[in-house]
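Student: build me a model from this:
(2 chains)
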There are 2 protein chains.
Amino acid sequence: MTITHATGYAIKDPKDYFNFELTKYELEPLEDNRVTVAVECCGVCGSDHHTISGGWGPWETKFVVTGHEVIGKVVEIGSKVTEFKIGQRVGVGAQVGSCGECKSCKGPNEQYCRQPVHGYNTLWYDNHEHQGGYSTHVRAQERFVFPIPDALESTDAASMLCGGLTVFSPLVRNGAGPGKKVGVVGLGGLGHYAVLFGNALGAEVTVFSRSDAKKEDALKMGAKRFIATSKGFEKDLQFEFDLIIVTASSSKLPLDELLSTLDVEKKLVFVGMPEEGLSNITSQTLSGNAAALASSHLGNKQEVEKMLKLAVEKNVKPWVNILPMKEAAKAIKAVEDNTVRYRSVLLQDINA
Amino acid sequence: MTITHATGYAIKDPKDYFNFELTKYELEPLEDNRVTVAVECCGVCGSDHHTISGGWGPWETKFVVTGHEVIGKVVEIGSKVTEFKIGQRVGVGAQVGSCGECKSCKGPNEQYCRQPVHGYNTLWYDNHEHQGGYSTHVRAQERFVFPIPDALESTDAASMLCGGLTVFSPLVRNGAGPGKKVGVVGLGGLGHYAVLFGNALGAEVTVFSRSDAKKEDALKMGAKRFIATSKGFEKDLQFEFDLIIVTASSSKLPLDELLSTLDVEKKLVFVGMPEEGLSNITSQTLSGNAAALASSHLGNKQEVEKMLKLAVEKNVKPWVNILPMKEAAKAIKAVEDNTVRYRSVLLQDINA
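Tutor: Numbers count the residues shown, from 1 in each chain, chains lettered A, B, ... in the order given. Next up is the predicted model:
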């Protein structure tokens, strides 16, 4: 018998975004290429806060159930699904569908599909609303469901599927590895993954942060160097880095100074998503080393698999706080206050 | 007998930057790896205006003789110079020296040397002042002197050495060629070269400009399409371009909209040099297609040679206005008023 509804912790009004209400809602159709996953746990991402508070603009759906770092069990498969079996432990990240037809989808760069279906607050191609993983069930196209290696704890794997992947993809696409110097700007959920995975890939990681407050944590995670970005920090670092990943979600970063520390024709990849535009960039700085200010969005399925394999091989352990799902508001407040060290994961507690 | 002095049209005060005064000054030493070139003609670059007017900041030299698109004859060679002979026609561009030791110089990316010596308003490593080509003579390291193919007119080749190279290098480094779509933003000196060389390389070139005023010129130069950047122009162009070269020297461009027209992980290369910082960029746009905002500076010697060879093979003819060198102020005024169509070249007229 097909599952028709899910129950989730929903926000009904962006002005009241700590007020999660347990809500039952209709699930989108299963379709022949989708999988239904019963949620076991779900990570809490900065995007959840930006979305429910309206910071990224008006909602696409009537209410929002956030959560796009899901681990759970397969409970239904569409008729053409071949990769998964009922009962299998899987993950679902921040994208659940793509058109499958565009150049990006064939890339494989399905994360840059021209018409992506995101993890929540989004409409399918038939206009059915899709909600996320602070809930009992999510549905996703098979391509956006990932097998989870047995050696990984669910609560460790969950936030890798957005937080981890968001930094892992630009790390591997830009050659992070032995002999390469990688700068990581900001040490939050994404930043801590950039240090862990940068280190696991064999690169030499330097963390940039506003103050020394997180120095000890950064070094424990595997960073070789920690630089507080006080005035003039860039002077001794010209042409130093092969890649910089900016994970701070701020529009007030010293971007020009950071760009000047890149070697020739290297990238600063901005994965933070501040609500305002970027500034503090001059073409003079960019031209001195042909630096590029770039961004990146998630990663493809091959990169998810590579990341999870590396996490097993190198024993990558994220720093996570585990809470029952009913404490979602507490987790969101910690994102807002920037006090998470370094990712929250919500455990299923809905009796539906 | 060694040449000790040059005579050039000098600006003495950035507040009085149309007042070119014929001035005799000491040349830097020849050294064993430098070449002295007797100037035959010299292109007029936007940089000349930015520099003499103080727009790029205070001068490094006591006065400034601009000009870094020089064609002339070799009249002296240092004792270790092997590439050139007395009497040979050569060119000198916007860089005359590099350290030869840093990673960039060994790249070969000598244009990104950590301690470059620019074409004028610059000091050599021994602090001798270097001045440019609105003059009788310039000196440059052998590496920054280029043989000019017989088939090219001097007045055509001159402005290729900065204006042409500045767009040619990012075109070839980013794969412009058959089957690739290249956008060129702004149709001035640099933009016109981007169209000519983009077309000569076999790419399909689209010109973006604020109004339709230059449409006819753009199509004559070889552009396949011309788009006036009125509101909403980007909507039908998502994921369209493999490369965009921005040649407009303005900080008020619709960068976010332009970036959104790039295919996945492609670059917008900004080669204009506005005096203010860049803005109008959001990380949300960059992340949708993993676009990169990059820049570029000149090109290496191999690229100069490739460019001049292509110019001969494909009969690339720049659109130039030829004036006697004493009319430098008129040429600079045309740069300021944005009325050059599309590059001025000054012919030697100094009897020194």
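
Student: now for the helix or strand of chain A with the lowest mean pLDDT, which elements pack on it?
Tutor: When the helices and strands of chain A are scored by mean pLDDT, DSSP states H and E, helix A:283-289 comes last with a mean of 84. For helix A:283-289, the elements it packs on are helix A:255-259, strand A:262-270, strand B:262-270, strand B:292-295, judged by 3 or more C-beta pairs under 8 Å, 6 or more residues apart in numbering or on different chains; DSSP states H and E. Quick note: C-beta positions are derived from backbone N, CA and C, even for glycine.

Student: for the stretch 1-150 of chain A, give me the ranges with low pLDDT.
Tutor: A:1 (pLDDT under 70).

Student: near chain B, which residues of it are found?
Tutor: When proximity is defined by C-beta under 8 Å from any C-beta of the partner chain, the stretch 1-150 of chain A lies next to chain B at A:56, A:102-104, A:107, A:109, A:112, A:114.

Student: those, buried ones only, as a ChimeraX selection?
Tutor: ChimeraX command restricting those to the buried ones, with burial defined by 16 or more other C-beta atoms under 10 Å in any protein chain shown:
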select /A:102,104,109,112
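
Student: where do the helices sit along the stretch 101-250 of chain A?
Tutor: Per DSSP state H, counting those that start in this stretch, the stretch 101-250 of chain A carries helices over the ranges A:103-106, A:154-157, A:163-173, A:189-200, A:215-221.

Student: so who does A:R210 touch?
Tutor: A:228-229 (C-beta atoms under 8 Å, 6 or more residues apart in numbering or on different chains).

Student: how about a cut-off of 6 Å?
Tutor: Taking C-beta atoms under 6 Å, 6 or more residues apart in numbering or on different chains as the criterion, A:R210 is in contact with A:T229.

Student: what's the answer for A:G222, then?
Tutor: A:195, A:199.

Student: could you chop chain A up by domain?
Tutor: A:5-161+A:319-347, A:164-295 (automatic domain parsing).

Student: distance to B:T4 added to those, as CSV?
Tutor: Shown next, in CSV, are these (distance: least, C-beta to C-beta, whole Å):
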stretch, distance to B:T4
domain A:5-161+A:319-347, 61
domain A:164-295, 33
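
Student: out of those, nearest to B:N19?
Tutor: Among the domains of chain A, domain A:164-295 comes nearest to B:N19, with 26.5 Å by C-beta to C-beta.

Student: is A:G189 in contact with A:Y342, as I believe?
Tutor: Yes: taking C-beta atoms under 6 Å as the definition, A:G189 is a contact partner of A:Y342 at 5.3 Å.

Student: hey, which of the helices and strands packed on helix A:283-289 is tucked in deepest?
Tutor: Comparing those by mean neighbour count (mean count of other C-beta atoms under 10 Å in any protein chain shown), strand B:292-295 comes out on top with a mean of 26.

Student: pick out the residue of the stretch 51-200 of chain A closest to chain B.
Tutor: A:Y112 (4.5 Å; C-beta to the nearest C-beta).

Student: and the contacts of the lengthiest strand in chain A?
Tutor: Ranked by residue count under DSSP state E, the longest strand found in chain A is strand A:34-44. If you take C-beta under 6 Å, 6+ apart as the criterion, strand A:34-44 is touched by A:3, A:67, A:69-78, A:81, A:84, A:90, A:92, A:133-134, A:136-139, A:141-142, A:145, A:154-155, A:158-159, A:331, A:343-348.

Student: which of those count as buried?
Tutor: Looks like those have A:67, A:69-72, A:74, A:76-78, A:81, A:84, A:90, A:92, A:133-134, A:136-139, A:141-142, A:145, A:154-155, A:158-159, A:331, A:343-348 buried, using 16+ other C-beta under 10 Å.

Student: taking those one by one, which sit in strands?
Tutor: Using DSSP E, the subset of the buried ones among the contacts of strand A:34-44 located in strands is A:70-72, A:74, A:76-77, A:90, A:92, A:137-139, A:141, A:145, A:343-347.

Student: skipping its backbone neighbours, what lies nearest A:V207 in space?
Tutor: Leaving aside its chain neighbours, A:V207 sits nearest to A:A218 (4.2 Å; criterion: C-beta to C-beta, 6 or more residues apart in numbering or on different chains).

Student: distance of the one you found from A:L310?
Tutor: Distance check for A:A218 against A:L310: by C-beta to C-beta, to the nearest Å, it reads 20 Å.

Student: those two: which is more packed in?
Tutor: More crowded of A:A218 and A:L310, by other C-beta atoms under 10 Å in any protein chain shown: A:A218, with 24 against 18.

Student: you'd agree the more buried one is up against A:I227?
Tutor: No: counting by C-beta under 6 Å, A:A218 does not reach A:I227; the two are 9.9 Å apart.

Student: ok so, going back, with distance to B:V184 added, can I get the helices of the stretch 101-250 of chain A in CSV?
Tutor: Output for the helices of the stretch 101-250 of chain A, formatted as CSV (distance: least, C-beta to C-beta, whole Å):
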stretch, distance to B:V184
helix A:103-106, 22
helix A:154-157, 46
helix A:163-173, 27
helix A:189-200, 36
helix A:215-221, 43
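
Student: lowest average pLDDT across those?
Tutor: Looking at the helices of the stretch 101-250 of chain A, the lowest mean pLDDT belongs to helix A:103-106 (a mean of 94).

Student: pull up the residues of the stretch 201-350 of chain A that are close to chain B.
Tutor: Contacts of the stretch 201-350 of chain A with chain B, taken as C-beta under 6 Å from any C-beta of the partner chain, map to A:264, A:270, A:273, A:277-279, A:281-283, A:286-287, A:289-290, A:292-297.

Student: do that again at 7 Å, thanks
Tutor: The stretch 201-350 of chain A has residues A:238-239, A:264, A:267, A:270, A:272-274, A:277-284, A:286-297 near chain B, with proximity defined as C-beta under 7 Å from any C-beta of the partner chain.

Student: and the buried ones among these, selectable in PyMOL?
Tutor: To isolate the buried members of these in PyMOL, using 16+ other C-beta under 10 Å:
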select buried, chain A and resi 239+264+267+270+272+273+274+278+280+281+282+283+284+286+287+288+289+290+291+292+293+294+295+296+297
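
Student: between the two ends of stretch A:199-209, what distance do you get?
Tutor: Its start and end residues considered, stretch A:199-209 measures 18 Å (C-alpha to C-alpha, to the nearest Å).

Student: returning to that earlier point: residues in contact with the residue nearest to A:V207?
Tutor: By C-beta atoms under 7 Å, 6 or more residues apart in numbering or on different chains, the contact list for A:A218 reads A:187, A:195, A:207, A:226.

Student: give me the neighbour count for the first one.
Tutor: A:L187 sits with 26 neighbouring residues when counted by other C-beta under 10 Å.
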